[in-house]
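1. any chance you can model this:
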Amino acid sequence: MAEEIIPIPNLSLPQHLFTLISPTLGRLHDNARKQLLEGIKADKMSPYYKLVTSAGALTSDPALLESMEKDNEEELRKLDERLAEAEKQEGESEISDALKARANHLTRIGDKEGAVAAQKLALEKTPGLGSRIDIVLTLIRLGFFFGDNGLITENLPKAERFIEEGGDWDRRNRLKVYRGLHMISIRQLKVGGALLLDALSTFTATELTTYNDFVALTIIINALTLKRVDLKKRLIAAPEVISVLPEIPILGDLLNNLYDCHYAKFFVALATLEQTYLLPSRLLSPHTRYYVREMRILAYSQLLESYRSLTLESLSGAFGVSVEFVDSELSRFIANGRLHCTIDKVHGIVETTRPSLKNAQYDKVIKQGDVLLNSIQRLSKVLY
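-> All right, here's what the predicted structure looks like:
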């Protein structure tokens, strides 16, 4: 049985900070300001408080800062004394516990440099595999907290290696969520969505996100990446999704209208999702334009696959938009090779052109051959 993971640092705080430094999210500022300040006070996060006030997200309160710094210095002094005592009189296990307690304190208060160094030292001195996995996961959370991609990519392979050496079921499933969130952050949505979907029925990583937010993220990503037949079987019919959708009705509208081909309602749901979930999300905001574009392409493709041709007027009616909008959007997607159809402007008709699989394979071989030849030519210049 895995030890309980301590939820440090508090990963809700960077989301509140993101909200406060985003001018377009002004409607959410009052609540974010309140939640951020309460979270900082609860964990006495004086180093993080300095960072937040320097960014202009909160007004600096010198008395509050002084109080938190005094409490933290006293706590750190006690932890250092405990560590010194363990090193003098006790064994390896007690020293490891003291090092972990010190590292967790620095992690809790948001002292990035001190926390990373202390966690790495604790990792070196900790013998148990389970505890070592927990320390590496804490380092990954520090990367998520501070938006440090290097720290995340440095420690994810370590966590995977430790898990393969003998990690238990719980930690193995937690790691899927960690990897999934990282993959989504770097726009590897298919891989990230698959990892989240695998962890859906066994989710325990509440140190990263709440259960409802995890399910919502799983729905949002997999609505784009799953094939239509899998959308019904693995997502719409999943008990975990069914239990959460009443609390997040917009996701139900998105999923069901896409699957049931109610495209006008789907477009409305997608626009609502963009404003209420995507743009306000620290994780998803950088990918909002990409996500919305890809979802629209998915819907257009799904409709066009059912017809050899249809009029621009009927297409615009199906999506609840103007003919001009559809004409402009389809033209752009066709030019970029994202939709396989042509527009007959004279007759106002869209004709589908299904690509040949053999031609696509031929083009792939030609492209890969060109890359290989160029690599061989560069290598020959180096060797001779």
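2. center of the protein, which residue is that?
-> Nearest residue to the geometric centre of the chain (CA atoms, centre = their mean): residue 181, 3.6 Å.
3. quick check: which element contains it?
-> For residue 181, the enclosing helix or strand under DSSP states H and E is helix 169-185.
4. centre of the chain to that helix, how far?
-> 10 Å (CA atoms, centre = their mean, to the nearest Å).
5. contacts for it?
-> 1-2, 5, 130, 133-134, 137, 140, 144, 149, 152-153, 156, 159-160, 163, 167, 189, 191-196, 198-199, 202-205, 208-209, 214, 217, 221, 283-284, 287 (CB atoms under 8 Å, 6 or more residues apart in numbering). Using the backbone N, CA and C atoms, a C-beta is placed for each residue, glycine as well.
6. residues of it that come out buried?
-> 170-185 (16 or more other CB atoms under 10 Å).
7. flag the shaky bits of the stretch 51-200 of the chain, pLDDT-wise.
-> Within the stretch 51-200 of the chain, no range satisfies pLDDT under 70.
8. can you pull the contacts of the nearest residue to residue 351 once chain neighbours are set aside?
-> Leaving aside its chain neighbours, residue 351 sits nearest to residue 309 (4.4 Å; criterion: CB to CB, 6 or more residues apart in numbering). Residues in contact with residue 309, defined by CB under 8 Å, 6+ apart, are 349-352.
9. give me phi/psi at residue 309?
-> phi -160, psi 160 (degrees, to the nearest 10).
10. ok, it to residue 275 distance?
-> Distance of residue 309 to residue 275, given as CB to CB, to the nearest Å: 35 Å.
11. do the same with residue 49
-> On the measure of CB to CB, residue 49 and residue 275 end up 31 Å apart.
12. out of the two, which sits in the busier spot?
-> Counted by other CB atoms under 10 Å, residue 49 and residue 275 do not tie: residue 49 has more neighbours, with 23 against 12.
13. that one in helix, strand or coil?
-> Under DSSP: H, G, I helix; E, B strand; the rest coil, residue 49 falls in the helix class.
14. in which helix or strand does the closest residue to it other than its chain neighbours reside?
-> Excluding its sequence neighbours, the residue lying closest to residue 49 (CB to CB, 6+ apart) is residue 40, at 5.1 Å. Here residue 40 is covered by helix 29-43, with elements defined by DSSP H and E.
15. what sits up against that helix?
-> By CB under 8 Å, 6+ apart, helix 29-43 touches 8-10, 12-13, 16-17, 19-20, 25, 45, 48-49, 52, 57-58, 64, 68, 108-110.
16. buried subset of the residues you listed, written for PyMOL?
-> Entered in PyMOL, the line below selects the buried ones among those, by 16+ other CB under 10 Å:
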select buried, resi 8+9+10+13+16+17+19+20+45+48+49+52+57+58+64+68+108+109+110
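17. strands - which of the contacts of helix 29-43 land there?
-> Counting by DSSP state E, no part of those is found in strands.
18. can you count the residues close to residue 72?
-> The number of residues near residue 72, taken as other CB under 10 Å, comes to 20.
19. actually residue 141, sorry about that
-> Neighbour number of residue 141 under other CB under 10 Å is 25.
20. after the host helix or strand of it, next one along is what?
-> Using DSSP H and E, residue 141 falls within helix 129-146. Downstream of helix 129-146, the first helix or strand assigned by DSSP H and E is helix 149-166.
21. sorry, back to before: in the helix holding residue 141, what's buried?
-> 130-146.
22. how far does it sit from its chain's centre?
-> 17 Å.
23. point out where the stretch 201-350 of the chain drops to low pLDDT.
-> In the predicted model of the stretch 201-350 of the chain, no residue satisfies pLDDT under 70.
24. that one: strands as residue ranges?
-> Secondary structure of the stretch 201-350 of the chain, counting by DSSP state E, counting those that start in this stretch: strands at 309-311, 341-344, 349-352.
25. about what we covered before: and the helix holding residue 141, what other elements does it pack with?
-> Other helices and strands packing on helix 129-146, by 3 or more CB pairs under 8 Å, 6 or more residues apart in numbering; DSSP states H and E, are helix 12-20, helix 92-108, helix 112-125, helix 149-166, helix 169-185.
26. could you dump these to TSV with distance to residue 79?
-> Below are the helices and strands packed on helix 129-146 laid out as TSV (distance: least, CB to CB, whole Å):
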stretch	distance to residue 79
helix 12-20	23
helix 92-108	4
helix 112-125	10
helix 149-166	23
helix 169-185	26
